[in-house]
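Peer 1: Test case, fold it:
(2 chains)
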Amino acid sequence: MSVTRPAVSTDQTPVRRDVVDPIFRYVAFFAATLLLAVLGGLIVALLIGGWPALAKFGPSFFFSTTWDPVREVFGAAGPIVGTVVSSFLALAMALPIALGIAIFLTQFCPRAIAQPIAVMTELLAGIPSIVYGMWGLFVFAPWFAKHIQTPLSALGGIFAGVPNGANIFTASVILAVMILPYMAAVFRELFRSIPPQVREAAFGMGATPFEAVTRVLVPYVQKGLVGAVMLGFGRALGETMAVTFIIGNSHAFPTSLFSSSSTLASTIANEFGEASGMHASALIALGLVLFLITFAVLAVARWLLSTQRY
Amino acid sequence: MIANPGRAARRKLISGLFTGACMLATGVALVALLLILWSLLTQGLSGINLDIITKDTSAGGLRNAIVGSVMMCLVAMVFSVVVGILAGTWLAEIGGDTRYGHTVRFLNDVLLSAPSILVGVFVTTILVNPFGGASGWAGAVALAILATPVVTRTTEDILNLQPSSLREASMALGASQFVTVRRVIWKAAGAGLLTGGLLGFARISGETAPLLHTAGDTQFMHEPWWDIPGMMSNQNASLPVMMYNFALSPFEDANKLAWAGAVLLAFAVLGINVLGRWLAREKKM
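Peer 2: So this is what the prediction gives:
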């Protein structure tokens, strides 16, 4: 951009401007590049650290359920399945609730109380993960074990498992509460971005509020909604502390809804401190798997959200 | 006039049920929040007393953990605010529309939601293992990596809200781009930039996973207390890591201390979040 220098004198001499501006641009450019360098360094560190384990176990690392630090045999199938299943369950629970919140707050709720309620739901996002973990461990899991799991475990099948409340299902409930506010916030933004004429047109055609929402408003922001769901999924995949507290930390392949299990992140959190050699490398390889899964999910989420202009 | 009154009634009923379901969903979220806050108050409030800030974790207080947390977060924020504001400014004012700019923005968003445990693993491999063990500095670097994308993102968003007439007016007076950004744009966006910093701070002050293997844990305050470089060069306690260790301890006293820590941490983080949002709202009006 060329700006002609005015005749009025300023405290800037042309010399200083020619020197300071490029320096400023370079420094800012350097800061932006630093972010990329960190991400690149993270990938390289995970690749280098995880390589020994990946090279030794090959494809069986992803398919074997043996995780034995004593014999130094490692297979990640248990944690991978635990991660994906717990995140899916969490998503299944959080999605209808987050959608309900967003629709209620943007369509039905009186203006005066919409803002306070929105702030309260967003407070859920501000509670640290470790606090969710403690709440799950000391409050939710014992209650769940006594009042829900014990009666249900008599049925066996998908309800089989030690009734101690530390299982893949309780972990998913906590995860659902944690990703709920993020999804609800993006949903709300999306619904708010719809021009009011669209909604008015639906009502003008005689649609009931239910029909206006399901047949006009939701299709209008479809892509963005899918993006927000994937964003929530990405968060659930990488969530560490809360899950570590209540998933039971067993590396066995989960066989029921109430099986103790583990996730990629919880396994790293539990074992990385004491691990060395091949064990440490296997844990870093778990990290690499986690990174690749979340990166793919988040990339698709961001892409969907960016194509939906809001 | 209505051709089929039964059908209209059914449509109204479905719509009413739908509205009810949406209210119910909102209720579920609010109940979850209240249950968690209620547990915090009933379990943790009794553990809050003067010992918390005067004694170390070895003696039933939280002094060393609080000091460790604050120190690591502050060091991380100094780095994050400088890099984040510069990077956000670059995206908003200089190179955001280039191909490289789109890449940076996209990957910053990915970094924003990347699992924090991976940052812990990364910092452990580059700063802990080669340098002989966990330290406060390593913990601070891990936290800085998590806070910087938050600051970058909010900075870019806030700067984009500033009207371009401000930039044009400044340029027309003959100011250089640097002076325009520093004296006009950053000044106009002041409260918003502060919000970015506070949101980043809120994010990292509750983080446990990245500190677990980078910062370690101690039972005592570093002596002498004013020797900050010494404190940061050794293992450093923090509230979240203390809570993790004590919550999983079989001793009831330790559990109680963990709950007291949970109350402090949760309300501190919630407070910072609310303050940040409130500042941002003032600015947008």
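Peer 1: CA atoms for contacts and neighbours, from now on please.
Peer 2: OK.
Peer 1: chain center to the helix or strand harbouring residue B:66, what's the gap?
Peer 2: Secondary structure assignment for residue B:66, by DSSP states H and E: helix B:63-89. Mean-position distance between helix B:63-89 and its chain equals 10 Å (Cα atoms, centre = their mean, to the nearest Å).
Peer 1: do stretch A:181-200 as well
Peer 2: Relative to its chain's centre, stretch A:181-200 lies at 21 Å (Cα atoms, centre = their mean).
Peer 1: tell me the mean pLDDT over that stretch?
Peer 2: Averaged across stretch A:181-200, the pLDDT comes to 92.
Peer 1: Stretch B:106-124 too?
Peer 2: The average pLDDT for stretch B:106-124 rounds to 91.
Peer 1: now the end-to-end length of it.
Peer 2: Stretch B:106-124 has an end-to-end distance of 26 Å (criterion: Cα to Cα, to the nearest Å).
Peer 1: what's the answer for stretch B:86-101, then?
Peer 2: 13 Å.
Peer 1: likewise stretch B:124-136?
Peer 2: 12 Å.
Peer 1: Give me the distance from stretch B:141-154 to the chain's centre.
Peer 2: 9 Å.
Peer 1: Mind naming the longest helix for chain A?
Peer 2: The single longest helix within chain A, with elements called by DSSP state H, is helix A:14-57.
Peer 1: where's residue A:267 relative to residue B:101, distance?
Peer 2: Note on residue A:267: its distance to residue B:101, by Cα to Cα, is 36 Å.
Peer 1: tell me the pLDDT at residue A:147?
Peer 2: Note on residue A:147: pLDDT of 88.
Peer 1: cool, and residue A:25?
Peer 2: 91.
Peer 1: which non-adjacent residue is nearest residue 139?
Peer 2: Went with chain A since none was named. In space, and not counting its chain neighbours, residue A:139 is closest to residue B:39: 7.6 Å by Cα to Cα, 6 or more residues apart in numbering or on different chains.
Peer 1: meant chain B actually
Peer 2: Residue B:139's closest residue in space is residue B:215 (Cα to Cα, 6+ apart), at 4.6 Å.
Peer 1: and what of residue A:102?
Peer 2: residue A:188 (4.8 Å).
Peer 1: Over to residue B:221?
Peer 2: residue B:64 (4.7 Å).
Peer 1: who are the neighbours in contact with the residue of the stretch 151-285 of chain B found nearest chain A?
Peer 2: The nearest approach of the stretch 151-285 of chain B to chain A comes at residue B:206, 4.8 Å away (Cα to the nearest Cα). Under the criterion of Cα atoms under 8 Å, 6 or more residues apart in numbering or on different chains, the contact list for residue B:206 reads A:127-130, B:240, B:265-266, B:269.
Peer 1: Any chance of the residues you listed in JSON lines with distance to residue B:247 and neighbour count as columns?
Peer 2: What follows is the contacts of residue B:206, written out as JSON lines (distance: Cα to Cα, whole Å; neighbours: other Cα atoms under 10 Å in any protein chain shown):
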{"residue": "A:127", "distance to residue B:247": "17", "neighbour count": "25"}
{"residue": "A:128", "distance to residue B:247": "15", "neighbour count": "26"}
{"residue": "A:129", "distance to residue B:247": "13", "neighbour count": "24"}
{"residue": "A:130", "distance to residue B:247": "10", "neighbour count": "27"}
{"residue": "B:240", "distance to residue B:247": "10", "neighbour count": "28"}
{"residue": "B:265", "distance to residue B:247": "14", "neighbour count": "23"}
{"residue": "B:266", "distance to residue B:247": "15", "neighbour count": "22"}
{"residue": "B:269", "distance to residue B:247": "19", "neighbour count": "24"}
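Peer 1: Understood, closing this out.
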